[in-house]
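**Student:** this one's sequence-less:
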């Protein structure tokens, strides 16, 4: 075999191998949540979505492969100065995803790096308008402002920023010690205030309890006096009614035949018994000369037994 034939055989073999490799490389399998950017003769041609795709060898190529899943990008720590000239160290995390693969590939050199830089500059600008004490309270404000700025830039970069979270916000050690002392003092003040409020409420409760106790005692005494008065009134009424009833019965008996004589006899007996009692006590007594004339001396005693 001549040398020329060998050269031709090698040439066509290499050419076939190159064509075969180009043909194989022109077949693209795009994964889910990914996109391939296709250029034809150096110009943007189309964006390939998930699935099987065949390109034209030597004319088409894939310079960019874009991941469409949401990404968490670390924002490195940076020093920022607050409004009251205190420097704090701030870092965070950006959560974003690519919405337009073509803009993400051609609109900016590196959208991740650009988003981090813009987040840092915006954070410094926002913290510069806040006092140190407010920087710890306004984390949501800082995050919202960073997201707003990134959204405006993201329209031309083909990305969407979902949220920005501040991980750490660290003041200098001297400031941190002072803040801890301030927090401790405030905690002690609240504890003392709570204790004084508790003592005050306890005293109020005790005084209210004594007040209610005295009211209950006075109400009980009042009711007792009312009950005793009602009892005495009922007793007097009962005695009066009994006395009236007995007088009425005596009057009825006296009105009957022989009643007057019986009454006279009973009164005389009681009189005699009374005199005997006085005689035993050696008391000087005066008796009528004629005990048979009971009418006269009973009348002298103020007793009217007439029927």
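**Tutor:** All right, it came through fine. None of these values were measured; they are calculated from a predicted model. Numbering: from 1, shown residues only.
**Student:** Do you have the helices of the stretch 101-250 of the chain handy? List them.
**Tutor:** Residue ranges of the helices in the stretch 101-250 of the chain, as given by DSSP state H, counting those that start in this stretch, are 101-106, 111-127, 132-137, 139-157, 173-255.
**Student:** Buried residues of the fourth one, list them for me.
**Tutor:** Think helix 139-157. Buried residues in helix 139-157, counted by 16 or more other Cβ atoms under 10 Å: 142-143, 145-147, 149-150, 153-154, 157. Placement of C-beta: from N, CA and C, glycine included.
**Student:** chain center to stretch 82-100, what's the gap?
**Tutor:** Put simply, stretch 82-100 sits 33 Å off its chain's centre (Cα atoms, centre = their mean, to the nearest Å).
**Student:** in that stretch, what counts as buried?
**Tutor:** For stretch 82-100, burial by neighbour count (16+ other Cβ under 10 Å) applies to 82, 86, 88, 90-92, 94, 96-98, 100.
**Student:** And stretch 221-230, by the same measure?
**Tutor:** Buried residues in stretch 221-230, counted by 16+ other Cβ under 10 Å: none are found.
**Student:** the domain parsing of the protein - what is it?
**Tutor:** 3-66, 71-171, 184-255, 256-307 (automatic domain parsing).
**Student:** I'd like these laid out as a markdown table, including distance to residue 177 and mean pLDDT.
**Tutor:** Formatted as a markdown table, those follow (distance: least, Cβ to Cβ, whole Å; pLDDT from 0 to 100):
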| stretch | distance to residue 177 | mean pLDDT |
| --- | --- | --- |
| domain 3-66 | 48 | 85 |
| domain 71-171 | 10 | 89 |
| domain 184-255 | 11 | 84 |
| domain 256-307 | 106 | 60 |
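**Student:** Tell me which of these sits most buried.
**Tutor:** Mean neighbour count (mean count of other Cβ atoms under 10 Å) peaks for domain 71-171 among those, with a mean of 17.
**Student:** Figure out how far it is from the centre of its chain.
**Tutor:** In terms of Cα atoms, centre = their mean, the centre of domain 71-171 is set 34 Å apart from its chain centre.
**Student:** measure it end to end?
**Tutor:** Domain 71-171 has an end-to-end distance of 29 Å (criterion: Cα to Cα, to the nearest Å).
**Student:** again with stretch 25-43
**Tutor:** Length of stretch 25-43, first residue to last, Cα to Cα: 19 Å.
**Student:** Please apply the same query to stretch 103-111.
**Tutor:** Span of stretch 103-111 from end to end, Cα to Cα: 10 Å.
**Student:** do you know how far the spatially most central residue of the chain is from residue 186?
**Tutor:** By Cα atoms, centre = their mean, the chain has its centre lying nearest to residue 194, at 17.5 Å. Separation of residue 194 from residue 186 (Cβ to Cβ, to the nearest Å) stands at 12 Å.
**Student:** again, but for residue 235
**Tutor:** From residue 235 across to residue 186, the span is 72 Å (Cβ to Cβ).
**Student:** again with residue 143
**Tutor:** Distance of residue 143 to residue 186, given as Cβ to Cβ: 26 Å.
**Student:** for residue 249, same thing?
**Tutor:** Distance, residue 249 to residue 186, using Cβ to Cβ: 93 Å.
**Student:** Could you do residue 229 as well?
**Tutor:** 64 Å.
**Student:** ok, back up a step: could you export the buried residues of helix 139-157 as CSV, including distance to residue 190?
**Tutor:** Formatted as CSV, the buried residues of helix 139-157 follow (distance: Cβ to Cβ, whole Å):
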residue, distance to residue 190
142, 28
143, 29
145, 32
146, 34
147, 35
149, 39
150, 40
153, 45
154, 45
157, 49
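**Student:** Please identify which of these is nearest to residue 203.
**Tutor:** residue 142 (47.3 Å; Cβ to Cβ).
**Student:** Just give the nearest non-adjacent residue to that closest one, would you?
**Tutor:** Leaving out its chain neighbours, the residue that sits closest to residue 142 by Cβ to Cβ, 6 or more residues apart in numbering is residue 126, at 4.9 Å.
**Student:** ok, so what distance separates residue 158 from residue 137?
**Tutor:** Applying Cβ to Cβ, the value for residue 158 to residue 137 is 35 Å.
**Student:** same question, residue 37
**Tutor:** As judged by Cβ to Cβ, residue 37 and residue 137 stand 44 Å apart.
**Student:** Same check on residue 66?
**Tutor:** Going from residue 66 to residue 137 by Cβ to Cβ gives 39 Å.
**Student:** And residue 196, by the same measure?
**Tutor:** Distance of residue 196 to residue 137, computed by Cβ to Cβ: 28 Å.
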